[in-house]
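S.K.: Mind looking at a prediction? Sequence and model below.
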Amino acid sequence: MFAVRGDRSGEFAAHAAHASAASAEGVVLPRPLRRVVRFVVSLCSGRIAIPAHTGKVSLVGFYSAIAVYGVVVGGHGPAVSQAITSFAGFAIEDVKVSGNEQTSEIDILQLLGLDGSTSLLGLDIAAARQSLTELPWVESAEVRKVYPSRVEVALRERKAYGIWQHGTELSLIEKSGSVIAPLRDNKFASLPLFVGRDAETAASEVEKEFARFPEVASRIKAYVRVAGRRWDIHLDNGVVVKLPEEGVSDALARLSRLDAEQQILSRDIAAVDLRLPDRTTVQLTPEAQERRLAAVEERRKALKKAGQNI
């Protein structure tokens, strides 16, 4: 755009002089307005030249402002920022994950929302950390940016302590009793099994009682919670040991002594009842019961026959 010059400059100057004369004769303009008037008069008279391409630059600025306004109002700011920064060389190209024994890397990448064009500058660390802690196995997570294109994820996973059976469902639990996730495979089959309502919260306490009696603990197949008050212990040979509500340690000491002296847990029995502190009740299996009745009957007959002979 060219400077405004030409034959009409004299006419503009005349008008300016007339305005100045009118101002001199009448109202005196304030100082800021006087500067504006002088600038307008100079511009119109051609004493101030307009730089070349000013119109084009103004037009580009106007349309740019409209575009920015549309992006902000439409809520496309994050997407545009991601695209620009990714194009500038900050796209995430490498993700290093550590500490994930049970958590899949695919699940981690999906939660972070990494699709190959995600910008490292646009990655929200706090939101990423919060999303990762919502995974079943993740106890805590740390996410770190390594510029220009790398993300490092360090996980601390929860530790499976046992298997809890509630109804027909099987779940992995922590030592505190918190449920981690449903049991999906046989990877954790060697963990102790706790069955029944409230069994998950009392699991660590009862297992601690058996720590002093490893010869019995090594044979346990399941810990069954009864009425939320006491435990029945199912052994690997099918024998059930009924523990009392209180005095579990004393009852286990009695059981351990009986097994050492009489191998009671290896006999053909169905259950050992330790609920009463002053007695131990042994329940035979149906087959053993039949054999016992037969033996008693034979003995009765033998005694009767011996009495008749006398």
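M.R.: Noted; the coordinates are in hand. As the structure is a computational prediction, the values presented were derived from the model and not from experiment.
S.K.: So for stretch 127-140, what gets flagged as buried?
M.R.: 128, 131, 132, 135, 137, 138 (16 or more other C-beta atoms under 10 Å). In short, each C-beta sits where N, CA and C put it, glycine included.
S.K.: Out of the residues you listed, which two sit at the greatest distance?
M.R.: Spatially, the most separated pair among the buried residues of stretch 127-140 is 128 and 137, at 16.7 Å (C-beta to C-beta).
S.K.: check contacts around residue 120.
M.R.: Each residue near residue 120 by C-beta atoms under 8 Å, 6 or more residues apart in numbering is listed here: 85, 90, 91, 92, 145, 147, 148, 149, 150, 151.
S.K.: hey, where'd the strands end up in the stretch 201-310 of the chain?
M.R.: Assigned by DSSP state E, counting those that start in this stretch, the strands in the stretch 201-310 of the chain fall at 220-226, 230-235, 240-242, 269-273, 281-284.
S.K.: Switch these over to a markdown table; also include mean pLDDT, distance to residue 155 and mean neighbour count.
M.R.: Shown next, in a markdown table, are those (pLDDT from 0 to 100; distance: least, C-beta to C-beta, whole Å; neighbours: other C-beta atoms under 10 Å):
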| stretch | mean pLDDT | distance to residue 155 | mean neighbour count |
| --- | --- | --- | --- |
| strand 220-226 | 97 | 30 | 18 |
| strand 230-235 | 97 | 35 | 20 |
| strand 240-242 | 97 | 40 | 19 |
| strand 269-273 | 95 | 45 | 18 |
| strand 281-284 | 92 | 49 | 14 |
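S.K.: Dump these into a markdown table; add distance to residue 180 as well.
M.R.: Listed next are the strands of the stretch 201-310 of the chain as a markdown table, based on distance: least, C-beta to C-beta, whole Å:
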| stretch | distance to residue 180 |
| --- | --- |
| strand 220-226 | 18 |
| strand 230-235 | 22 |
| strand 240-242 | 28 |
| strand 269-273 | 33 |
| strand 281-284 | 37 |
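S.K.: Out of those, which is closest to residue 305?
M.R.: Nearest of the strands of the stretch 201-310 of the chain to residue 305, taken as C-beta to C-beta: strand 281-284 at 26.7 Å.
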